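[1] heads up, no residue letters with this:
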């Protein structure tokens, strides 16, 4: 019988530890039902971001000149053939004027040489002497027969421009 109080105490302890709690009642949720419609979303989100381009190109000019005006800024969308910047052209215009002056000088020289050549090709008159004049016979070597040596004949060279 000494065991009986110990068994009874164990049985009471086991019955006291078991839980017979009732489950919590679920809350009732109100649901709205509507028909679906196709519309644009009118929500704006502001958040910090980092954007990388799909394509990126390095550009360079064939001329070396100072930039006078930039037409676009970093990050702008551009298309092929679009003007991006204007360069200073004072040096280029000066080089062009210099080249045009040299061209006009060369054209004038060519025209004067053409006139000189055309005038020398005209048929000489009856009493005219041939041009260029031949050196006198006294300059020939004694006993020499034939044309004058090249050291004696006159030579003509173009005038130097400078």
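    The structure has been received and is ready for your questions. Please read these numbers as outputs of a predicted model, since none were measured by experiment. Numbering: from 1, shown residues only.

[2] low-confidence ranges in the protein?
    Scanning the chain with the threshold set as pLDDT under 70 gives 1-2, 14-21, 123-162.

[3] name the single longest helix found in it.
    Longest helix of the chain, by residue count under DSSP state H: helix 90-121.

[4] give me the sheet partners of the helix or strand containing residue 86 and which way each runs.
    Under the criterion of DSSP states H and E, residue 86 resides in strand 85-87. Neighbouring strands of strand 85-87 in its sheet, by DSSP bridges, are strand 67-70 (antiparallel).

[5] show me the contact partners of the strand it pairs with.
    Strand 67-70 has contacts (Cβ atoms under 8 Å, 6 or more residues apart in numbering) with 84-88. All C-beta atoms are positioned from the backbone trio N, CA, C, and that covers glycine.

[6] list the buried ones in it?
    The neighbour-count check on strand 67-70 (16 or more other Cβ atoms under 10 Å) flags nothing as buried.

[7] likewise for stretch 104-116?
    Buried, per 16+ other Cβ under 10 Å, within stretch 104-116: nothing.

[8] coming back round to it: in the strand holding residue 86, what counts as buried?
    Of all the residues in strand 85-87, not one is buried under the rule 16+ other Cβ under 10 Å.

[9] which stretches of this protein form helices?
    Under DSSP H, the chain gives helices at 3-17, 90-121.

[10] highest average neighbour count across these?
    Neighbour counts (mean count of other Cβ atoms under 10 Å) averaged over each of these peak at helix 90-121, with a mean of 10.

[11] tell me which other helices or strands it touches.
    Applying 3 or more Cβ pairs under 8 Å, 6 or more residues apart in numbering; DSSP states H and E, one finds that helix 90-121 contacts no other helix or strand.
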